[in-house]
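S.K.: dropping a prediction and its sequence here:
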Amino acid sequence: MRTIDKRIAPNVQLAASLIKRAPVLTLPYDARCKSRLAATLDTGEDIALVLPRGTVLADGDVLVADDGALVRVAAAPETVLLVRAPDPLTFTRAAYHLGNRHTPVEIGDGYLKLEADPVLADMLKRLGAQVDTVDAPFQPEAGAYGGGHRHGHDATFAEDYALAQRVYDEHHGHSHDHGHEHR
């Protein structure tokens, strides 16, 4: 069984013909969030996915197997809620309430997409949004600092905290590594 242990950085340009010929690994969102996974390529070949902890695969990512072969990631269609709103205020309120619940959301031009949940569907309808259950690929936002969903107790917390502090310092106008206190 081949092992896939590397993801090619999104900014690395590969020849389109190489990517087109690469076998496809089609996975739903929850499986694309796992760094260790036994999976099957669309060709029927079983593979072992062994990526760095915290890796979240996106539709179109290119992976490298231990033998150097490329594999292309595809987001599998899954049952999701497709949310539209009659006006910008309703759309903004829907996005706010979903964010307040830390719900993974895909944000598109005039739509929100989230995992099917009858309680959230009811809430969104009560806010005035149109909610349809559809089968479609799901690619939620990665988060404000570019990572996946994190809980503050894993190895990435220090990195996220440092990035958040830098953003705060830039907004605040200066860093706090000088000798006075702020109240």
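M.R.: Perfect, I can see it now.
S.K.: how about the helices of this protein, start to end?
M.R.: Here the chain has its helices, by DSSP state H, at 16-21, 29-32, 88-100, 118-126, 157-172.
S.K.: show me where pLDDT drops low in the chain?
M.R.: Along the chain, the model assigns pLDDT under 70 to residues 143-183.
S.K.: got the domain boundaries for it?
M.R.: 2-75, 77-137 (automatic domain parsing).
S.K.: where's the residue nearest the centre of the chain relative to residue 32, distance?
M.R.: Centroid-nearest residue in the chain: residue 142, 4.1 Å away (criterion: CA atoms, centre = their mean). As for residue 142, its distance to residue 32 is 11 Å (criterion: CB to CB, to the nearest Å). Heads up, the C-betas are built off the backbone N, CA and C, glycines and all.
S.K.: how about residue 50?
M.R.: Distance, residue 50 to residue 32, by CB to CB: 15 Å.
S.K.: before we move on, back to that, mean neighbour count added to the domains of the chain, as TSV?
M.R.: Formatted as TSV, the domains of the chain follow (neighbours: other CB atoms under 10 Å):
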stretch	mean neighbour count
domain 2-75	15
domain 77-137	15
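S.K.: contact partners for residue 16?
M.R.: Residue 16 makes contact with no residue, according to CB atoms under 8 Å, 6 or more residues apart in numbering.
S.K.: tell me where the protein has strands.
M.R.: For the chain, the strands defined by DSSP state E cover 2-7, 24-27, 36-40, 46-50, 62-65, 70-75, 77-84, 105-108, 111-115, 130-137.
S.K.: can I get the ones you listed in a markdown table with distance to residue 96?
M.R.: As requested, these are arranged in a markdown table below (distance: least, CB to CB, whole Å):
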| stretch | distance to residue 96 |
| --- | --- |
| strand 2-7 | 32 |
| strand 24-27 | 30 |
| strand 36-40 | 33 |
| strand 46-50 | 35 |
| strand 62-65 | 35 |
| strand 70-75 | 25 |
| strand 77-84 | 13 |
| strand 105-108 | 11 |
| strand 111-115 | 11 |
| strand 130-137 | 16 |
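S.K.: wait, residue 128 sits on residue 85?
M.R.: Yes: here residue 128 reaches residue 85: they are 6.9 Å apart, a contact under CB atoms under 8 Å.
S.K.: what's across from residue 3 in the sheet?
M.R.: Beta bridges link residue 3 to residue 48 when assigned by DSSP bridges.
S.K.: from residue 87, how far off is the closest residue to residue 140 other than its chain neighbours?
M.R.: Distances taken as CB to CB, 6 or more residues apart in numbering place residue 104 nearest to residue 140, at 3.8 Å, with adjacent residues excluded. Between residue 104 and residue 87 the distance, using CB to CB, works out to 24 Å.
S.K.: got it, and residue 10?
M.R.: Plainly put, residue 10 is 34 Å away from residue 87 if you go by CB to CB.
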